[in-house]
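[1] could you look at this predicted model? Sequence included:
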Amino acid sequence: MDQRAMDQADEGKGLPVIRTFQTRLRQFATTLLKENLTPGGAAAAVFLGVFIGIVPIYGFQTLVAVGLALFFKLNKPLTVAGTFINNPLLQPAIVVSSVEIGYFLRDGSFRPFHLSTLAGPHMKEELLGWVMGSVVLGIIVGGAGAAITAVVVQVKAPSDPAFSSPTLSNAGLRERVRFVNRLFAQCPHRDRGFVRWKLRLDRIFGLLAAEDLGSGTAVDLGCGYGMALCFAAFTDRRRRLLGYDLDAHRIAVARQALSGLNTDFRVADVRGFELPPAGLILILDVLQYLPAHEQLDLLKRCCSALLVEGKLIFRVHDCERGVWSAITMAFDRLIFAWGRAGVRPLTLSAAEYRDALEKAGMQVEERRFRNRLPLAHILFITTKPMVEGAA
C-alpha cells in the first residue's frame, strides 16, 4: 500500500470521530439554548442579563452573568445576551441616565451631567449616585425586557398544564376570531387593532370558544367592545345580545361593529339597573372595581336573573399562585392608576366567590389559567340547575 492510500485510510478512520464530535456539539448547543425556556424562566434570564449589563461592573459582567445563571439554573445564552445592552452604541445613554437617576434619588431633582464631575473633588459622591441610579435603571429596563420576553415566549409556546384548561381546536377558535375581526373591519384603525391584539393575547376567548354558551338572551356586564358577545352569537346570529359599559367610546364602536346582529348596547353602571331574564351572563374584568359587598350582591342578582340551565361566567384574578398572583395584582394596580379609577382593585378569595354562588343554588366550576401577559386568573362557570338549590 502506497503512502497516499495509507493517508486516505487514516483520514477515513478519523471521519466517524469528527462526526460524533459534531453531533454531540450540536446536541449540547441545542440543550443549552432550550434550557429553562418557560415564560418565567426566560423572563428571569433576560432581567438578570440586562440588570448586570447596566450595573457598572465592567470587565466582570459576562463572568457574573454566567455564574448567576448557573446558580439560579437560568438559560445561560439568554442571560449573557441580556448583558449586550452594554454596548458602545447604548453605553453613553446608560451612563447619563444612571447618573441623572442618582441625582434625583439623592437631591430630589435632575441636573445637567458633565463627565468632569466624576473626576472632581466630589468624585466619591458622584460614583455612589451613579451606582444607585444604575441599580434603579437596571430594574426598570430589565423589568420591561422581562415582560416583553414573557409575552413572546408565552405566545410562541403553549401554556403549561398547571394553568391550562381545555380549549377548542385551533381551527374552531380561528373561525370565531375571523368572525369577530370581520365585524370590526370597518371600525377605526385604533379600535380595530385593539380588538385584534386582545383576541391574540387573552386566553379567555379560547375558553369561551370551548364552552357551551347556551341559548337565550346573552348579557355582558362591562362589555367593552362586545367581543365576548360576538362569541355568544357565533352559532346563532339572531340571538339577543345586551351589553353594558361605562366607556361611551367603546359602546359606540360596539354598536357600529355589531349593527348587523340583534344587539342593544348601553352606557350604564352595572350596579344600577335591573337585569333581564337571561340564558347567559358574562362578567369579565369588572368585579375588582367594586367593594366586596357590591361584588357579592351583583353575583346574587345575576343568579336570580338567570333562566333554568342558564350560565353565569365571570373572571377574577387568582390570588393563590404566588409570584404570578403578585404580578397580576401589580399589573392591575398599574391599569387602575393609568385609568384614574379612584379605587384600588379588590379580588376576593376563590372560596368566598364559590360560597356565595353555592348559597344562590348554582352549580360551580372553576378553571384556573394563566394568560399570555402572563397573568393568573380563575374562570368561574356556573349553571342554574333545573331545581334551585340542587347544586
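    Perfect, thanks for sending it.
[2] ranges for the strands of the stretch 151-300 of the chain?
    218-221, 241-245, 263-267, 278-284 (DSSP state E, counting those that start in this stretch).
[3] sec struct for Leu37, please.
    Here Leu37 is coil, with the state taken from DSSP: H, G, I helix; E, B strand; the rest coil.
[4] quick one: pLDDT of it?
    pLDDT for Leu37: 70.
[5] how close does it sit to Val46?
    11 Å (Cβ to Cβ, to the nearest Å). Where C-beta positions appear, they are placed from N, C-alpha and C, glycine not excepted.
[6] how about Asn75?
    For Asn75, the distance to Val46 equals 9 Å [Cβ to Cβ].
[7] the more surrounded of those two?
    Neighbour count, other Cβ atoms under 10 Å: between Asn75 and Val46, Val46 has more, with 28 against 24.
[8] circling back to that earlier point, could you identify which of the strands of the stretch 151-300 of the chain is most buried?
    When those are scored by mean count of other Cβ atoms under 10 Å, the highest mean neighbour count falls to strand 218-221 (a mean of 26).
[9] and it, how far out from the chain middle?
    Offset of strand 218-221 from its chain centre (Cα atoms, centre = their mean, to the nearest Å): 24 Å.
[10] over to stretch 361-368?
    For stretch 361-368, the distance to the chain centre is 24 Å (Cα atoms, centre = their mean).
[11] convert that stretch to PDB, retaining C-alpha atoms only.
    The C-alpha trace of stretch 361-368 is given here as PDB (Å, rounded to 0.1, in the frame of the first residue of the first chain):
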ATOM      1  CA  GLY A 361     -78.200  27.400  44.400                       C
ATOM      2  CA  MET A 362     -75.700  27.400  41.500                       C
ATOM      3  CA  GLN A 363     -73.500  24.600  40.200                       C
ATOM      4  CA  VAL A 364     -70.000  25.800  40.200                       C
ATOM      5  CA  GLU A 365     -66.900  25.000  38.100                       C
ATOM      6  CA  GLU A 366     -63.500  26.700  38.500                       C
ATOM      7  CA  ARG A 367     -60.900  26.800  35.700                       C
ATOM      8  CA  ARG A 368     -57.500  28.200  36.600                       C
END
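[12] what about the strands of the stretch 151-300 of the chain, which gets the closest to Leu70?
    Leu70 sits nearest to strand 278-284 of all those, at 42.5 Å, using Cβ to Cβ.
[13] which residues sit against that closest one?
    204, 213-223, 228-229, 232, 242, 270, 275, 298-299, 302, 305-307, 309-315 (Cβ atoms under 8 Å, 6 or more residues apart in numbering).
[14] and for stretch 41-48?
    For stretch 41-48, the surrounding residues in contact (Cβ under 8 Å, 6+ apart) are 36, 65, 68-69, 72, 74-76, 78-79, 81-82, 142-143, 145-147, 149-150, 153.
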